[in-house]
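Visitor: quick one, what's the 3D model for this:
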Amino acid sequence: MSEAASPGTEAGAKTMRPLIGRVVSDKMNKTVTVLVERRVKHPLYKKYIRRSTRIHVHDEGDECNVGDSVSIVQCRPLSKTKAWRVHEIIARAK
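Guide: Numbers count the residues shown, from 1 in each chain. You can find the predicted model right below:
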(Lines give C-alpha, C1' and ligand atoms only; values in the text may rest on other atoms or scores of the structure.)
Protein backbone atom coordinates (compact mmCIF):
# COMPACT_ATOMS: atom_id res chain seq x y z
CA MET A 1 0.00 0.00 0.00
CA SER A 2 2.24 2.72 -1.28
CA GLU A 3 -0.68 5.09 -1.91
CA ALA A 4 -1.06 7.74 0.73
CA ALA A 5 -4.72 8.33 1.50
CA SER A 6 -5.82 11.87 2.14
CA PRO A 7 -7.35 12.60 5.56
CA GLY A 8 -10.92 11.42 5.89
CA THR A 9 -10.85 8.99 2.95
CA GLU A 10 -10.16 5.31 2.67
CA ALA A 11 -7.12 4.02 0.83
CA GLY A 12 -7.80 3.99 -2.90
CA ALA A 13 -11.04 5.96 -2.59
CA LYS A 14 -11.65 8.97 -4.78
CA THR A 15 -11.32 12.34 -3.13
CA MET A 16 -14.48 14.36 -2.74
CA ARG A 17 -15.13 16.82 -5.57
CA PRO A 18 -17.45 19.47 -4.11
CA LEU A 19 -19.54 21.67 -6.39
CA ILE A 20 -21.85 24.53 -5.44
CA GLY A 21 -25.21 24.94 -7.13
CA ARG A 22 -28.81 26.06 -6.76
CA VAL A 23 -31.78 23.72 -6.27
CA VAL A 24 -34.22 24.11 -9.17
CA SER A 25 -36.56 21.17 -8.47
CA ASP A 26 -37.51 19.16 -5.39
CA LYS A 27 -40.55 17.28 -6.71
CA MET A 28 -38.94 13.82 -6.57
CA ASN A 29 -38.70 11.62 -3.49
CA LYS A 30 -35.22 11.93 -1.84
CA THR A 31 -33.88 13.62 -4.99
CA VAL A 32 -33.34 17.25 -5.97
CA THR A 33 -32.20 18.76 -9.24
CA VAL A 34 -29.27 21.16 -8.83
CA LEU A 35 -28.15 23.71 -11.42
CA VAL A 36 -24.36 24.13 -11.40
CA GLU A 37 -22.99 27.09 -13.35
CA ARG A 38 -19.40 27.55 -14.48
CA ARG A 39 -17.59 30.22 -16.49
CA VAL A 40 -15.51 29.24 -19.51
CA LYS A 41 -13.45 31.39 -21.81
CA HIS A 42 -14.56 31.48 -25.45
CA PRO A 43 -11.74 30.04 -27.59
CA LEU A 44 -11.88 32.74 -30.28
CA TYR A 45 -13.29 35.86 -28.62
CA LYS A 46 -11.68 35.32 -25.18
CA LYS A 47 -14.83 36.45 -23.44
CA TYR A 48 -16.15 34.51 -20.44
CA ILE A 49 -19.49 32.80 -21.00
CA ARG A 50 -21.69 30.92 -18.54
CA ARG A 51 -22.34 27.21 -19.00
CA SER A 52 -24.72 25.28 -16.78
CA THR A 53 -25.36 21.65 -15.92
CA ARG A 54 -28.37 20.09 -14.23
CA ILE A 55 -27.48 17.26 -11.87
CA HIS A 56 -29.79 14.87 -10.00
CA VAL A 57 -28.63 14.81 -6.37
CA HIS A 58 -29.55 12.47 -3.51
CA ASP A 59 -31.20 14.29 -0.56
CA GLU A 60 -31.80 11.65 2.10
CA GLY A 61 -33.88 13.75 4.49
CA ASP A 62 -35.80 15.80 1.85
CA GLU A 63 -34.38 18.93 3.51
CA CYS A 64 -33.67 21.00 0.37
CA ASN A 65 -36.19 23.39 -1.15
CA VAL A 66 -36.25 25.24 -4.47
CA GLY A 67 -33.83 28.17 -4.41
CA ASP A 68 -31.48 26.78 -1.76
CA SER A 69 -27.75 27.04 -2.40
CA VAL A 70 -26.13 23.66 -1.75
CA SER A 71 -22.73 22.00 -1.81
CA ILE A 72 -22.75 18.58 -3.49
CA VAL A 73 -20.16 15.79 -3.69
CA GLN A 74 -19.73 12.89 -6.04
CA CYS A 75 -20.51 9.39 -4.75
CA ARG A 76 -21.16 5.90 -6.07
CA PRO A 77 -24.04 5.58 -8.57
CA LEU A 78 -27.32 5.47 -6.67
CA SER A 79 -29.55 5.13 -9.73
CA LYS A 80 -29.38 5.51 -13.51
CA THR A 81 -29.07 9.30 -13.34
CA LYS A 82 -27.95 9.93 -9.75
CA ALA A 83 -24.31 9.79 -8.60
CA TRP A 84 -24.11 12.90 -6.38
CA ARG A 85 -25.32 13.64 -2.85
CA VAL A 86 -25.97 16.80 -0.84
CA HIS A 87 -22.96 17.62 1.33
CA GLU A 88 -24.41 20.70 3.05
CA ILE A 89 -26.99 23.42 2.60
CA ILE A 90 -25.09 26.71 2.29
CA ALA A 91 -28.00 29.17 2.15
CA ARG A 92 -31.75 28.77 2.40
CA ALA A 93 -34.14 30.37 -0.10
CA LYS A 94 -35.93 33.47 1.12
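Visitor: so how far is Y48 from the residue nearest to M28 when sequence neighbours are not counted?
Guide: Nearest residue to M28, sequence neighbours excluded (C-beta to C-beta, 6 or more residues apart in numbering): H56, at 7.9 Å. Where C-beta positions appear, they are placed from N, C-alpha and C, glycine not excepted. Here H56 is placed at a distance of 27 Å from Y48 (C-beta to C-beta, to the nearest Å).
Visitor: cool, P77 as well?
Guide: P77 is 32 Å from Y48, by C-beta to C-beta.
Visitor: now the residue nearest to M28: which helix or strand?
Guide: strand 48-58 (DSSP states H and E).
Visitor: buried ones in that strand, by neighbour count?
Guide: I55, H56, V57, H58 (16 or more other C-beta atoms under 10 Å).
Visitor: what residues does it touch?
Guide: 19, 21, 24, 28, 30-42, 70, 72, 75, 78-79, 81-82, 84-86 (C-beta atoms under 8 Å, 6 or more residues apart in numbering).
Visitor: among those, which lie within strands?
Guide: 19, 21, 24, 28, 31-41, 70, 72, 82, 84-86 (DSSP state E).
Visitor: could you flag which of these are buried?
Guide: Buried among these by 16+ other C-beta under 10 Å: L19, G21, T31, V32, T33, V34, V36, V70, I72, K82, W84, V86.
Visitor: and the fifth one, how far is that from K47?
Guide: I take that to be T33. 29 Å.
Visitor: what's the answer for the last one, then?
Guide: Counting by C-beta to C-beta, the gap between V86 and K47 amounts to 33 Å.
Visitor: please consider this matter closed, and thank you.
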